[in-house]
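S.K.: one predicted model, sequence on top.
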Amino acid sequence: MNPFDIIVWGGLFVYFLFKLVRSVRIIPPRVAAIVERLGKYHKTLLSGFHVLIPFIDKVTYIQDLKEEAMTVPPQDCFTHDNVKVEVDGVIYMMVTDPMLASYGVTDFRQATVQLAQTTIRSVMGTLDLDRTFEEREMINQKIVSVLSEVGQTWGIRVLRYEIKNIVPPVSVKNAMERQMTAERERRAQIARSEGDMQSNINNSEGLMTELVNRSEGEKQRRINEAEGRAKEIEALANATAQAIESVAAAVREPGGNQAMALRLTESYLNKLSGVARKDATVIIPSDLTRLDEQLAALGLKSSANKES
């Protein structure tokens, strides 16, 4: 056998040995291998030890079944009010059907990113610039909904989508900063005015409470004074009534009229003697010599008449 034949047969042996070794496959966890037999899909190999038929079976695709994150590159979008913004994001997805992921689309990763970008542009075109920052969650859910519709055909499952950045132009950013500054100043002025208003209300309520308390105190003081005067008058009246009753009882006793006449005469003469106050008013009878007749007109007799 010439050297050329040896080299040819040696090469064929090495190739056969290589194919034999390649027919033995150990698949790690969360990985799937697509096997074709004579150019046609045969089966899907999951984790474990597998032996294939050399030269007939061939592993054409290996799909990772773990969840993976794919970056959506930044792209320019126009909002509903014609403002150009730059938007990027992250897609979290996983392969659920290795066979569909291999044969349903040429490159499911690129197709998913392209579909996410077109969906972002369409959604951003329906929102004004101010709402794009507020409706992040709605945008994320819309993109996940659209990707989930095609995910069944591509053998994938889109778990979630997150917008990373929404970058407006520099001029718009400066205008937004001025707007936010004006808004903060407006809120500060409103807060100060509300504070002044509440302070005035508190002061007026405090003054009103003070006036009410003072009026209530003055009212109670006057009531107490009136009740005191009433009790004093009542006491004087009771004392006067008791004194009158005592006098009346004394007059009804034998010799009571004479004693009363004598007492009144003495009191009257004392008034006339000048011991009364200077500002007192004294009524002097026109005829002092007829004092007995005047007392008799009152139903009283002097002690002189009694003795005679």
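M.R.: All right, it came through fine.
S.K.: mind checking the SS state of residue 186?
M.R.: helix (DSSP: H, G, I helix; E, B strand; the rest coil).
S.K.: gap between it and residue 131?
M.R.: Applying C-beta to C-beta, to the nearest Å, the value for residue 186 to residue 131 is 21 Å. Any C-beta I mention is one placed from the backbone N, CA and C, and that applies to glycine too.
S.K.: the two: who's more crowded?
M.R.: Using other C-beta atoms under 10 Å, the more surrounded residue of residue 186 and residue 131 is residue 131, with 15 against 10.
S.K.: got the contact list for the helix or strand harbouring the more buried one?
M.R.: For residue 131, the host element (DSSP states H and E) is helix 129-134. For helix 129-134, contacts defined as C-beta atoms under 8 Å, 6 or more residues apart in numbering pick out 79, 81, 83, 85, 124, 139, 166, 168, 172.
S.K.: now the first one: phi and psi?
M.R.: When you say that, I think you mean residue 79. phi -80, psi 180 (degrees, to the nearest 10).
S.K.: quick one: residue 28 and residue 47 touch, right?
M.R.: Yes. Counting by C-beta atoms under 8 Å, residue 28 does reach residue 47; the two are 6.0 Å apart.
S.K.: run through the helices of the stretch 101-250 of the chain in chain order.
M.R.: 108-124, 129-134, 136-154, 170-252 (DSSP state H, counting those that start in this stretch).
S.K.: could you say what helices and strands the third one packs with?
M.R.: Meaning helix 136-154. strand 84-95, helix 98-103, helix 108-124, strand 156-167 (3 or more C-beta pairs under 8 Å, 6 or more residues apart in numbering; DSSP states H and E).
S.K.: can you do 7 Å?
M.R.: helix 98-103, helix 108-124, strand 156-167 (3 or more C-beta pairs under 7 Å, 6 or more residues apart in numbering; DSSP states H and E).
S.K.: list the buried residues in it.
M.R.: For helix 136-154, a neighbour-count test (16 or more other C-beta atoms under 10 Å) marks 139, 140, 142, 143, 144, 146, 147, 150, 151, 154 as buried.
S.K.: who's in contact with the second one?
M.R.: When contacts are counted by C-beta atoms under 7 Å, 6 or more residues apart in numbering, residue 140 is found next to 160, 161, 162, 163.
S.K.: pull the number of nearby residues for the last one.
M.R.: Residues lying near residue 163 (other C-beta under 10 Å) number 20.
S.K.: isn't it up against residue 85?
M.R.: No. With contact defined as C-beta atoms under 7 Å, residue 163 does not reach residue 85; the gap is 10.8 Å.
S.K.: for residue 143, which non-adjacent residue is closest in space?
M.R.: residue 161 (4.4 Å; C-beta to C-beta, 6 or more residues apart in numbering).
S.K.: on that earlier part again, do you know which of the helices and strands packed on helix 136-154 lies nearest residue 74?
M.R.: strand 156-167 (7.4 Å; C-beta to C-beta).
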